[in-house]
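> Structure, please.
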Amino acid sequence: MKLANYLKKENIYISDISKDTSHFYGECSQFLKEKGIISDPRKVKRLFIKRESVQSTGIGKGVATPHIFSDEFSDFFLAMAVVRKGLDFKSPDGLRVHVIFLIMSDDRDIGLHLKTLAHIARLTNSGDIVSSLKNAGDAAAVYDLILEKEKAILN
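Residues are numbered from 1 along each chain as shown. I've put the predicted structure just below:
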């Protein structure tokens with residue numbers, strides 16, 4: 001599993017602040033619509049909010065991994081967001097979330113979802129990646145940092 005096979009720098013959303021997770025999911029859904037990735041941002045927002053209501057997708061150390069299945073996606077899709085001021089995802093460690101990996105697909109890619117979740121957990125447990133990502137200047141810098149950290153854990 002390599003994030004670089006699925007994550008593109010143009011699918012990285014950066015925000016200084018977002019009011020709460022509901023607003024965040026609305027902003028990201030609109031971002032995905034503007035990129036031509038989804039057609040119904042309200043539906044995608046609802047799915048993320050519904051998923052979050054089942055159990056927090058905050059995994060700790062400032063990272064969240066919301067994941068949904070929808071017919072909006074014909075293929076596995078990965079986007080990423082950085083919220084510099086952080087959001088309360090009710091993470092198990094109580095820390096605010098700054099780095100969010102949004103995992104989306106139709107229901108045929110459950111195995112890839114699980115591999116991606118495990119890979120992200122491994123990537124974000126290695127060093128202080130969150131601090132580096134939230135201070136990155138733009139999406140290209142975020143992308144380069146992810147590739148650099150990923151290379152380190154795969155070698």
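> Tell me how far residue 8 lies from residue 150.
As for residue 8, its distance to residue 150 is 14 Å (criterion: CB to CB, to the nearest Å). (Glycine included, C-beta is placed from N, CA and C.)
> neighbour count winner among those two?
residue 150 (21 against 14; other CB atoms under 10 Å).
> Tell me how far the spatially most central residue of the chain lies from residue 77.
The centre of the chain sits closest to residue 101, judged by CA atoms, centre = their mean, with a distance of 1.4 Å. Distance from residue 101 to residue 77, counting by CB to CB: 11 Å.
> now residue 144
Counting by CB to CB - residue 144 and residue 77 are separated by 21 Å.
> More neighbours: which of these two?
A side-by-side neighbour count of residue 144 and residue 77, using other CB under 10 Å, places residue 77 first with 21 against 13.
> Now do that one against residue 86, distance only.
24 Å.
> likewise residue 52?
16 Å.
> per-residue confidence at residue 100?
pLDDT for residue 100: 97.
> hang on, it packs against residue 91?
No. In this structure, residue 100 is not within contact of residue 91 by CB atoms under 8 Å, at 11.3 Å.
> higher neighbour count, those two?
The residue with more neighbours, out of residue 100 and residue 91, is residue 100; 26 against 19, by other CB under 10 Å.
> Strands of the protein, start to end?
In the chain, the segments counted as strands under DSSP state E are 12-15, 58-60, 63-64, 67-69, 77-87, 97-105.
> Now do the second one, average pLDDT.
For strand 58-60, the mean per-residue pLDDT is 92.
> Also the fifth one?
The average pLDDT for strand 77-87 rounds to 94.
> Can you spell out which helices and strands pack onto that strand?
Where contact means 3 or more CB pairs under 8 Å, 6 or more residues apart in numbering; DSSP states H and E, strand 77-87 is packed against strand 12-15, helix 21-34, strand 97-105, helix 129-134, helix 139-154.
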